[in-house]
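> Below are the sequence and a predicted model for it; my questions follow.
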Amino acid sequence: MTPIFLKPVFKEMIWGGNRLGTDFGYEIPGDDTGECWAISAHPNGDCEIANGEYAGMHLSELWANHRELFGNVEGDRFPLLIKLIDAKADLSIQVHPNDAYAKEHENGSLGKTECWYIVDCDKDAQIVIGHHAKNHEEVKEMILNKRWNDFIRVIPIKKGDFFQINPGTLHAIKGGTLILETQQNSDITYRVYDYDRLSNGKPRELHVEKSIDVIEAPFVPYEVSANKETGAGYEKQNLITCDFYAVNKIDIDGTADFTQDKPFLDVSVLEGEGKIDGIAIKKGDHFILPAGYGDYTLSGKMMLITSSL
């Protein structure tokens, strides 16, 4: 059994840049490349398998036809979506619905719970997480009267920060930020405000009524666990365990042994290089360890983010 490596899918965006090329060495389509869909079976970006007996198949096909590789987990779609996001400019202020709201209002889609790991950012970078409204009535009043400075909660960030973004959380990545995003396999986003920017000469579509419906008030920030596990050749930190995923940061310095006992394990190499069971891996590689993979060895000097159910 070998790791399943994936070919990323790239998305050009009004706010994108070129760091997915300069920092990660990807062949990007242009200097406005905003997203790398690194592990995805979503119809809007379905990754191709790069190696082994399933090379050339898409991840959605593997999920549909070889569910044993994913521990025979139930569901009509691969449950997670892993992205690298390069924000040269600010993204729109947005919010995601929960599963129940999305199922009713978005043709049976999943909602979106997601989290952000700050891979890198400018010295004075900020992001939008949450708002200052005391209740739902104040949310509505502030949005309809465009009291953005009073409404939006902006906080400073640094490399290595982590944020959990539950459904109903107002959020936006701001310019000068490189992020790894782990999320439910959904592409449902409600734009609240887009700085009155034009795309192809027209304002981008907003979803004000749906946003007001789903924004939670008051905002309650998520506190990241500081618990770290240290062993021979590694340090591991659980960043979040919630109903939809468990995300861990693993620093490797030397040789370390682990066991893959989940239905599947998504792995993204964000810094350095090394090997997994003798197979060379480097910054920018993304792969899945399938069900039943068992014991494995990581060696080298690198930092990984993993996700599982």
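Sure thing, it's come through.
> all helices for the stretch 101-250 of the chain, in order.
Assigned by DSSP state H, counting those that start in this stretch, the stretch 101-250 of the chain shows helices spanning 136-144, 148-151, 208-214.
> mind giving me JSON lines with those helices and columns for distance to residue 174?
In short, each C-beta sits where N, CA and C put it, glycine included. Listed next are those as JSON lines, based on distance: least, CB to CB, whole Å:
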{"stretch": "helix 136-144", "distance to residue 174": "19"}
{"stretch": "helix 148-151", "distance to residue 174": "13"}
{"stretch": "helix 208-214", "distance to residue 174": "18"}
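> Which among these is found nearest to residue 62?
Residue 62 lies closest to helix 208-214 among the helices of the stretch 101-250 of the chain, at 32.4 Å (CB to CB).
> Lowest mean pLDDT among the helices and strands, pick that one out for this structure.
Here the helix or strand of the chain ranked lowest by mean pLDDT, DSSP states H and E is strand 198-199, holding a mean of 81.
> Mind giving me the packing neighbours of that strand?
Packing contacts for strand 198-199, counted by 3 or more CB pairs under 8 Å, 6 or more residues apart in numbering; DSSP states H and E, involve no helix or strand.
> What does the spatially closest residue to residue 279 that is not a sequence neighbour show for phi and psi?
Computed as CB to CB, 6 or more residues apart in numbering, the closest residue to residue 279 that is not its neighbour in sequence is residue 3, at 6.6 Å. Per-residue torsions, residue 3: phi -60, psi 150 (degrees, to the nearest 10).
> From residue 278, how far off is residue 3?
11 Å (CB to CB, to the nearest Å).
> do residue 306 as well
Distance from residue 306 to residue 278, by CB to CB: 19 Å.
> same thing with residue 173?
37 Å.
> go on, residue 256?
Here residue 256 is placed at a distance of 14 Å from residue 278 (CB to CB).
> How about residue 49?
Distance, residue 49 to residue 278, using CB to CB: 20 Å.
> Could you check the pLDDT of the residue lying farthest from the centre of the chain?
Largest separation from the mean C-alpha position in the chain: residue 145, at 31.7 Å (CA atoms, centre = their mean). With respect to pLDDT, residue 145 has a value of 96.
> Give the other helices and strands that the helix or strand hosting residue 267 contacts.
Secondary structure from DSSP states H and E places residue 267 in strand 264-276. Judged by 3+ CB pairs under 8 Å, 6+ apart, the packing partners of strand 264-276 are strand 33-39, strand 80-87, strand 177-184, strand 279-282, strand 286-290, strand 294-308.
> Extract the C-alpha trace of that strand and format it as PDB.
In PDB, the C-alpha atoms belonging to strand 264-276 read as follows (Å, rounded to 0.1, in the frame of the first residue of the first chain):
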ATOM      1  CA  PHE A 264      -8.200   8.000   5.700                       C
ATOM      2  CA  LEU A 265      -5.600  10.700   6.500                       C
ATOM      3  CA  ASP A 266      -5.000  13.800   4.400                       C
ATOM      4  CA  VAL A 267      -1.500  15.100   4.500                       C
ATOM      5  CA  SER A 268      -0.100  18.500   3.300                       C
ATOM      6  CA  VAL A 269       3.600  19.300   3.400                       C
ATOM      7  CA  LEU A 270       3.900  23.000   4.200                       C
ATOM      8  CA  GLU A 271       7.600  23.300   4.900                       C
ATOM      9  CA  GLY A 272      10.800  21.500   4.300                       C
ATOM     10  CA  GLU A 273      11.400  18.000   2.800                       C
ATOM     11  CA  GLY A 274      11.800  14.400   3.800                       C
ATOM     12  CA  LYS A 275      10.500  11.000   3.200                       C
ATOM     13  CA  ILE A 276       7.400   8.800   4.000                       C
END
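> Quick check: buried residues in it?
264, 265, 266, 267, 268, 269, 270, 272, 274, 275, 276 (16 or more other CB atoms under 10 Å).
> The closest residue to residue 110 other than its chain neighbours and residue 111, how far apart?
Of all residues not flanking residue 110 in the chain, residue 186 sits nearest, at 4.2 Å (CB to CB, 6+ apart). In this view, residue 186 and residue 111 are 6 Å apart by CB to CB.
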